[in-house]
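>>> Need the 3D shape of this:
(one chain, ligands or ions: 1)
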Amino acid sequence: MPRSLKSDHAGRNNEDGNDRAEELTIATQTETITVCRLSELPEGQMRLVEADGRKIGVFHCTGGGLYAIEDRCSHDDGPLAEGEFDLGSCTVECPRHGSLFDLRTGKPRTLPAYRPVDTFEVRVDDDEVKLEL
Ligand code: FES
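Take a look at the predicted model:
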């Protein structure tokens, strides 16, 4: 779904000396990819997909929550999706230095990582798991 951002810059004068409003529109395009059927990603499982030039881990937490994060730790580029996945707390532990990331927000709960990783919207449509990029 395209999104647009609009910004008005009021207060400038045009050649006639009148105020003018300048509108800037930035349109971005989201891409939807099909990960798998929902039955192929039961609770406690993770699927690694490659899209848009990067790897993304799609995780199924307790209670039906589906979350996706970039498979690259914000500390030192560790392969996050290979880490230990706790479906109850909905976290993954970076296998390289042990930072624990919340899959719902992408934020680290423990050091050494302190910056969040990218997250992506996941939805189920017609029994298929879809990822929004
Ligand atoms: S690379 Fe992930 S905690 Fe260091």
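>>> and Glu93, how many neighbours?
18 (other CB atoms under 10 Å). Heads up, the C-betas are built off the backbone N, CA and C, glycines and all.
>>> scratch that, Ser39
For Ser39, the neighbour count with other CB under 10 Å is 8.
>>> what do you get for the one 4 residues further on?
Burial measure for Glu43: 14 neighbouring residues, criterion other CB under 10 Å.
>>> before we move on, what SS does it have?
coil (DSSP: H, G, I helix; E, B strand; the rest coil).
>>> does it really touch Phe59, like I thought?
No: with contact defined as CB atoms under 8 Å, Glu43 does not reach Phe59; the gap is 9.6 Å.
>>> and for the two, which residues touch both?
Leu87 (CB atoms under 8 Å, 6 or more residues apart in numbering).
>>> which bits of this structure sit near the ligand?
Taking CB under 6 Å from any ligand atom, the part of the chain that reaches the ligand is made up of 73, 75-76, 78, 94, 96-99, 112-113.
>>> which among those gets closest to Lys130?
Lys130 has its nearest neighbour among those in Cys73, at 25.2 Å by CB to CB.
>>> Contacts only, for the closest residue to that closest one other than its chain neighbours.
Spatial nearest neighbour of Cys73, chain neighbours left out: Cys94 (4.6 Å); criterion: CB to CB, 6 or more residues apart in numbering. By CB under 8 Å, 6+ apart, Cys94 lies in contact with 73, 75, 78, 80, 83, 100-101, 113.
>>> what pLDDT does Cys94 get?
Cys94 carries a pLDDT value of 98.
>>> What's the local residue count around Gly88?
Counted with other CB under 10 Å, residues neighbouring Gly88 total 10.
>>> got a list of what it touches?
Neighbour list for Gly88: 61-62 [criterion: CB under 8 Å, 6+ apart].
>>> measure it to Ala68 for me?
19 Å (CB to CB, to the nearest Å).
>>> right, and Gly65 touches Arg104 too?
Yes: using CB under 8 Å, Gly65 is in contact with Arg104, at 7.1 Å.
>>> Now for these two: what residues contact both?
Common neighbours of Gly65 and Arg104, counting by CB under 8 Å, 6+ apart, are Cys90.
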